[in-house]
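Enquirer: Structural data only, the sequence is not supplied:
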């Protein structure tokens, strides 16, 4: 909590516009942290459609189980998010805590519990005392509002080891109507596909039916959060939710092939990518933001596995931390991916500097030029396998002593 | 090179007995390091049978390619090992360097080049100047010897970031004959299956035909080196070679189902496990030796994948470094393995302390008792999935700031 703000944080956090049908409030429920907000309550107008993408962990948190169960009802009326306790691996008590949370939230929002979405982040294995939400959520409902300050407070309330709040917004035309998309995310460690972030919540005033929304979110997550890794560790709680209030007034979109969706989908993808990159920029202990591009693989799936092998390699990540243009470790990571690769066709670049080509060091390679690239705050590692047309792009950060420090101290 | 000796190093390095038919010498060829030996030359009597297991990297080093090509000839007469340069990803120059090394070694050993085995470890991507072996190997051949001091020197000459030499020996009966097995290993980072060690060389005076030897080595590697991980990174150069001189005088073993092999195989396995554990004990920056046991999985392969998911998790490894009994991260690692697991049937122990059972914290769990386990230098993490009879056991070490320091500085 007391770690300095990541040097990779954006210079400015955007001011988010209101979204008709969305009101937010935060509170201090004293779940774990002292002297800071740890609860976010979001109220959604009746008729709000919802889509969700969750961790692929075989041991998901009680909140993830709950959200998955409510999705088929398509409609959401409120979201409760707490930081400090993940309510994961808490057995029957965990399920009871989720049910009680939904009950308290439903009473505060004036709906049935099956319209409540819940996400928890923080310590695993400690039972969550949901009675702490009593009174708190009703109070939040009374003072919830739509303005930029509320969005900023919301992004702060859901942080754990995050060093900065993560917000993004887009305006886009949906047919004749201009609509808004706002999103927030939190996540700093235990970041890997799939899902890459621990928690992200996205809201729009567009009118889009839940099944269409689900398709958009699934595709968008694949190109954004599922392309980010900090440490290859997948959380039990990863949750990405998208809510559409329909208050913008467009004729509701009910078909996935509606041509009006194209611009909206592009704007949504763009926003998800921005949020996902913010997560990598806040990777625990991160000092450098790393883009790994793989080209020339036999197919995209193969390119992706190779890209993640590079992005998750402790030896590649420590080399980046040490500003060492150590392309030998990139070769190692390509080799260990187990995907088709031919040593004699490989080419590797750091930034624009080609360091290796055709199975050997580039004859024109300049150590000074490569080292200059490594000293930058943003480093791109590019690999061309020379085999086919498969490509992938993933984002990560370096592995520093601070990562070890943070995770040797923090009970997450 | 200048890092302090691992606190997990054994108190004593064993004195190795001579093996009839094996003579060793080391030298300073000045390949990269100054003021220390960097070449090992081992001479083997005519008729020595050889087996080998190598990295599964798709981008293996030139030396690995060479060794694989020579294996079908079954006979080895000499081994050349150098530290400081891995001769990996060096293209045509790399292949030429290996061919020249074999030529120089063959002249020194009085054999044909196809009887020469070569292993290189160190920097990747730098062409190896094999002319440095000229004169050096002939000189080594002139003064090679069989005694304990030569074995000790050999284990030191092949070290890179290793902080202690790794040697092991066994005596075992093969039918009516007592035979000896000596082994050495090096490896500290870039350690993962498959293969787990960068380099290991094992020698016996037993008379065993190459195909039988190959089967023994393949099985033994599966239960030893392939159960060790330091950082999940697989080297381009991993090489495990087993040489049998046949000088013990037993009737040569030519069939894999020969009952006389049972004791020999057990002794070989035991020696390989000792060497593999020494590698984990010298994991870069390691302060704790960790055994991960998984039981109750649907089958052994599933147990193994879960065990490696735990052993390779940066969050689990930093928790061990921080002496934090953070079983939530073990749950996370089980969940992310993608193998069958049911939260409500999981049980987890640190040492003998059961911390979680049936999907929740053990009601009898004592933080003090678990913390006492974590303060030990050797920590066992045990997981029972409660699903079937599959088991696995793997070894690793903790992830410390020193790992990041070593790998942010060292061009490996």
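Expert: That came in fine, so what should we check first? Treat the numbers as computed from the prediction; the structure is a model and nothing was measured.

Enquirer: okay, CA-based contacts and neighbour counts for the rest of this
Expert: Fine.

Enquirer: count of neighbours near residue A:252?
Expert: As a burial measure, the neighbour count of residue A:252 was computed by other CA atoms under 10 Å in any protein chain shown and equals 12.

Enquirer: now the one 3 residues further on
Expert: Counted with other CA under 10 Å, the neighbours of residue A:255 add up to 13.

Enquirer: May I have the phi/psi pair for the nearest residue to it once chain neighbours are set aside?
Expert: In space, not counting the residues next to it along the chain, residue A:255 is nearest to residue A:212; the distance is 6.3 Å by CA to CA, 6 or more residues apart in numbering or on different chains. For residue A:212, the backbone dihedrals are phi -70, psi -40 (criterion: degrees, to the nearest 10).

Enquirer: give the contact list for residue A:212.
Expert: Residues near residue A:212 by CA atoms under 8 Å, 6 or more residues apart in numbering or on different chains: A:253, A:254, A:255, A:256.

Enquirer: from what I can see the last one touches residue A:215, true?
Expert: Right, residue A:256. Yes. Proximity of residue A:256 to residue A:215 meets the contact threshold set by CA atoms under 8 Å, at 7.4 Å.

Enquirer: Work out for me the element residue A:185 sits within.
Expert: Residue A:185 is part of strand A:177-186, with elements assigned from DSSP states H and E.

Enquirer: Could you check the next helix or strand after that strand against chain B for contacts?
Expert: Sequence order places strand A:199-204 as the next helix or strand after strand A:177-186, per DSSP H and E. No. With CA under 8 Å from any CA of the partner chain as the measure, strand A:199-204 is seen stopping short of chain B, the closest distance being 15.6 Å.

Enquirer: Partner strands of strand A:199-204, with direction?
Expert: Strands adjacent to strand A:199-204 in the sheet, as given by DSSP bridges, are strand A:177-186 (antiparallel), strand A:239-244 (parallel).

Enquirer: most packed of those strands?
Expert: For these, average neighbour numbers computed from mean count of other CA atoms under 10 Å in any protein chain shown are highest in strand A:239-244, which has a mean of 26.

Enquirer: Show residues contacting that one.
Expert: Contacts to strand A:239-244, defined as CA under 8 Å, 6+ apart, come from residues A:48-55, A:64, A:76, A:119, A:195, A:197-208, A:213, A:217.

Enquirer: Now stretch A:60-79: buried residues?
Expert: Using 16 or more other CA atoms under 10 Å in any protein chain shown as the burial criterion, the residues of stretch A:60-79 that qualify are A:60-67, A:70-71, A:74-79.

Enquirer: And residue A:278, which helix or strand is it part of?
Expert: When elements are defined using DSSP H and E, residue A:278 is found to belong to helix A:261-281.

Enquirer: by contact count, what packs against that helix?
Expert: Judged by 3 or more CA pairs under 8 Å, 6 or more residues apart in numbering or on different chains; DSSP states H and E, the packing partners of helix A:261-281 are strand A:166-174, strand A:177-186, helix A:210-223, strand A:390-397.

Enquirer: got those as JSON lines, with mean pLDDT columns?
Expert: Listed next are those as JSON lines, based on pLDDT from 0 to 100:
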{"stretch": "strand A:166-174", "mean pLDDT": "95"}
{"stretch": "strand A:177-186", "mean pLDDT": "94"}
{"stretch": "helix A:210-223", "mean pLDDT": "92"}
{"stretch": "strand A:390-397", "mean pLDDT": "93"}
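
Enquirer: before we move on, the earlier item: could you pick out the buried ones from the contacts of residue A:212?
Expert: Among the contacts of residue A:212, the ones that count as buried by 16+ other CA under 10 Å are A:253, A:256.

Enquirer: Closest to chain B out of the contacts of residue A:212?
Expert: Of all these, the one sitting nearest chain B is residue A:256; the distance, using CA to the nearest CA, is 30.3 Å.

Enquirer: How about the worst-scoring helix or strand of chain A on mean pLDDT and chain B, touching?
Expert: Among the secondary structure pieces of chain A, namely its helices and strands, helix A:401-409 has the lowest mean (mean pLDDT, DSSP states H and E), a mean of 74. Yes. Residues of helix A:401-409 contacting chain B under CA under 8 Å from any CA: A:401, A:402, A:404, A:405, A:407, A:408, A:409.

Enquirer: Reformat the residues you listed as a markdown table; add neighbour count and distance to residue B:158.
Expert: Rendered in a markdown table, the data for those read as follows (neighbours: other CA atoms under 10 Å in any protein chain shown; distance: CA to CA, whole Å):
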| residue | neighbour count | distance to residue B:158 |
| --- | --- | --- |
| A:401 | 19 | 28 |
| A:402 | 16 | 32 |
| A:404 | 25 | 30 |
| A:405 | 18 | 32 |
| A:407 | 26 | 34 |
| A:408 | 24 | 33 |
| A:409 | 14 | 36 |
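
Enquirer: What are the buried residues along the helix or strand where residue A:101 lies?
Expert: With elements taken from DSSP H and E, the one containing residue A:101 is helix A:91-109. Of the residues in helix A:91-109, those buried under the neighbour-count criterion (16+ other CA under 10 Å) are A:91, A:93-106, A:108-109.

Enquirer: cool, and stretch A:7-16?
Expert: By neighbour count, with 16+ other CA under 10 Å as the criterion, the buried positions of stretch A:7-16 are A:7, A:8, A:9, A:16.

Enquirer: Kindly report the same for stretch A:14-27.
Expert: Neighbour counts over stretch A:14-27 (16+ other CA under 10 Å) mark A:16, A:17, A:18, A:19, A:20, A:21, A:22, A:23, A:24, A:25, A:26, A:27 as buried.
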